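Peer 1: Structure for the following, please:
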Amino acid sequence: MTTEVWEYREHVAKLARHLCRDPDDGEDVAHSALLKASERIEGFRGEATVETWLHAITLNECRMLRRKRRPSSLEEIGEPVDRDEGNDPEFLAEEAELRLEVLQAIAGLSEKERCVLLLREGQELSMEALAERLDMTVPAVKSILYRARQSLRKTMSTRDDT
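Peer 2: Residues are numbered from 1 along each chain as shown. Coordinates of the predicted model:
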């Protein structure tokens with residue numbers, strides 16, 4: 001059964017990178033989550049799928065990492081902009097500014113809203129899969145996703161007005 005845990009390595013790593021918002025932290029969290037899962041596989045009760053169980057462990061590992069560290073600046077969270085010589089510098093500056101604004105808006109969401117939004121948009125999970133992973137009902141997931149999107153729209157539209 002330990003082998004089964006490691007079969008989800010890529011999925012857990014992708015989820016961890018989205019939750020941590022940093023590729024290096026995500027890899028650390030994924031590795032730690034998989035190690036914990038393989039050490040505790042005997043305690044797995046089978047009440048949920050292995051994937052759902054791994055999701056919960058990954059989420060907890062990400063939370064523990066956040067508690068240990070002070071939040072990094074939003075500039076460090078954003079991905080670097082591709083600076084090919086053929087690209088227009090003005091376009092690159094605008095793209096970087098927009099990326100930062102989006103990251104700030106996402107960072108302003110509650111943890112639950114951010115998690116649902118990133119799982120839905122980043123991993124393209126169905127509402128049913130989201131509900132199962134987060135141990136919620138589909139209507140609850142839809143409601144949280146709606147609020148997250150509304151909040152992002154509101155935040156981004158106020159930034160456009162300034």
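Peer 1: Name the nearest residue to Asn60, sequence neighbours excluded.
Peer 2: Spatial nearest neighbour of Asn60, excluding adjacent residues (C-beta to C-beta, 6 or more residues apart in numbering): Ala33 at 7.9 Å. From N, CA and C alone the C-beta is placed, and that goes for glycine too.
Peer 1: Report how many residues lie close to that neighbour.
Peer 2: Per other C-beta atoms under 10 Å, the neighbour tally for Ala33 reads 26.
Peer 1: next one: Glu121
Peer 2: 14.
Peer 1: And it, how far from Leu152?
Peer 2: For Glu121, the distance to Leu152 (C-beta to C-beta, to the nearest Å) stands at 10 Å.
Peer 1: Glu47: what secondary structure?
Peer 2: coil (DSSP: H, G, I helix; E, B strand; the rest coil).
Peer 1: how near is it to Val5?
Peer 2: Glu47 is 16 Å from Val5, where distance means C-beta to C-beta.
Peer 1: more crowded one of those two?
Peer 2: Val5 (23 against 8).
Peer 1: The more buried one contacts Ile41, doesn't it?
Peer 2: Yes: using C-beta atoms under 8 Å, Val5 is in contact with Ile41, at 6.2 Å.
Peer 1: what does the one helix or strand Lys154 maps to contact?
Peer 2: Per DSSP states H and E: Lys154 is located in helix 138-161. Residues outside helix 138-161 that contact it (C-beta atoms under 8 Å, 6 or more residues apart in numbering): 101-102, 104-106, 108-109, 112-114, 116-117, 120, 127-128, 130-131, 134, 136.
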